[in-house]
Every structure is written in structure tokens, then in C-alpha cells.
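Participant: What would the 3D arrangement of this be:
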Amino acid sequence: MSGTCAYCRCIPYHYEVMSKLVPLTIAALLLCTACGHPIQRKLEGRWIGQAVENFDDDKIAAATGWAKGTSMEFSDSQLTVIIPAEDPRTGGYEVVRAHQNDVWLKVARQNGGTDKVHFKLDDEHSIRWVLDDGAAGSRAIVMRREN
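Facilitator: Next up, the predicted model:
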């Protein structure tokens with residue numbers, strides 16, 4: 001027996017295995033963290049306001065004009081909201097809950113705090129931004145995906 005222990009003789013082998021595993025492990029972790037929630041992939045892109053639902057007749061014209069000037073852009077875990085007569089706002093978001101076609105997000109404000117946002121995913125080209133759930137039904141902005 002030479003003067004080395006069994007552990008010392010294994011070091012070259014362990015080094016070779018670890019030098020191959022570490023880069024693979026790092027790559028796998030990066031891929032998994034980049035994936036995000038499956039709903040994020042469905043929301044990805046720019047959405048343009050088209051119409052409104054469940055508004056009083058005397059407010060429909062103004063609400064529709066406001067909705068048509070509204071857009072949202074989802075990019076990775078960032079949401080940018082553009083509303084008429086306001087500066088665009090961007091914040092990180094996370095999916096809090098998803099059930100069937102209903103999705104609730106938590107969006108970080110630039111000044112701290114968060115907002116909860118509710119969407120209904122109609123199909124890959126149409127979503128509804130639910131503004132409130134009143135007794136007479138949900139008021140919403142209908143949005144379409146920009147091509």
C-alpha cells in the first residue's frame with residue numbers, strides 16, 4: 001500500500017465528476033428560474049384595450065375611449081401599464097392564483113406596496129381586465145393581443 005489514503009486516491013475522480021456536474025446543475029437552475037409560472041407565458045406580449053363590459057349606459061362612451069387608450073405589456077416578470085393622461089408604470093409581478101381562466105396577479109408599485117389585478121383569459125388573443133366584481137356583474141376592459 002502506498003502512503004495515500006483511499007480518500008486521496010479518489011480526489012481526481014471526484015474532481016472530474018464534479019467539474020462536469022456543476023455547470024449542468026447551474027444551467028438547470030437558470031432554466032428553471034427563467035421558466036416562471038405557465039400563466040406568464042400566456043400573458044407575455046402587448047395587450048391593447050378594445051372595449052368595456054358592464055358599464056352604465058351614460059358612462060360607456062367615456063369608458064370605451066379610456067379603454068382604447070389603455071395598454072399593458074408583459075415581459076418576463078415585469079408589467080408595464082399605459083393609461084391615458086398618465087405616465088407609463090412598470091413593476092414586477094407574480095401570479096398569486098390561477099383557476100381555470102381566472103388569474104390574479106400581485107404587481108409591485110414603484111413607490112412600494114402592491115396592487116392585486118384580476119384577469120380572465122378568454123383565448124390566446126383576448127383577455128379581460130376585471131376592474132371590480134359588483135352585484136350587477138364584473139366591470140371589465142376587453143383587451144386583445146397586439147400582433
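Participant: After the helix or strand harbouring Gly92, which helix or strand is next?
Facilitator: Using DSSP states H and E, Gly92 sits in strand 89-99. Beyond strand 89-99 in the direction of the C-terminus, DSSP H and E gives the next helix or strand as strand 102-108.
Participant: Can you list the buried residues in the very next helix or strand once past that following strand?
Facilitator: Sequence order places strand 114-123 as the next helix or strand after strand 102-108, per DSSP H and E. Of the residues in strand 114-123, Val117, His118, Phe119, Lys120, Leu121 count as buried by neighbour count, 16 or more other C-beta atoms under 10 Å. The C-beta positions use only the backbone N, C-alpha and C, and glycine is treated the same way.
Participant: wait, what's in contact with the first one?
Facilitator: When contacts are counted by C-beta atoms under 8 Å, 6 or more residues apart in numbering, Val117 touches Tyr93, Trp104, Leu105, Lys106, Val107, Trp129.
Participant: tell me the contacts of the residue nearest the centre of the chain?
Facilitator: The chain has Gln40 as the residue nearest its centroid, 4.0 Å off, counting by C-alpha atoms, centre = their mean. Gln40 is in contact with Phe74, Asp76, Ser77, Val95, counting by C-beta under 8 Å, 6+ apart.
Participant: Touching, the third one and Tyr93? I think so.
Facilitator: If I follow you right, that is Ser77. Yes - in this structure Ser77 lies within contact range of Tyr93 using C-beta atoms under 8 Å: 6.1 Å.
Participant: Out of those two, name the residue with the larger neighbour count.
Facilitator: Using other C-beta atoms under 10 Å, the more surrounded residue of Ser77 and Tyr93 is Tyr93, with 20 against 15.
Participant: Could I get the pLDDT score of that one?
Facilitator: pLDDT recorded at Tyr93 is 96.
Participant: Pretty sure it sits against Asp76.
Facilitator: No - the criterion here is C-beta under 8 Å, and Tyr93 misses it with Asp76 at 9.7 Å.
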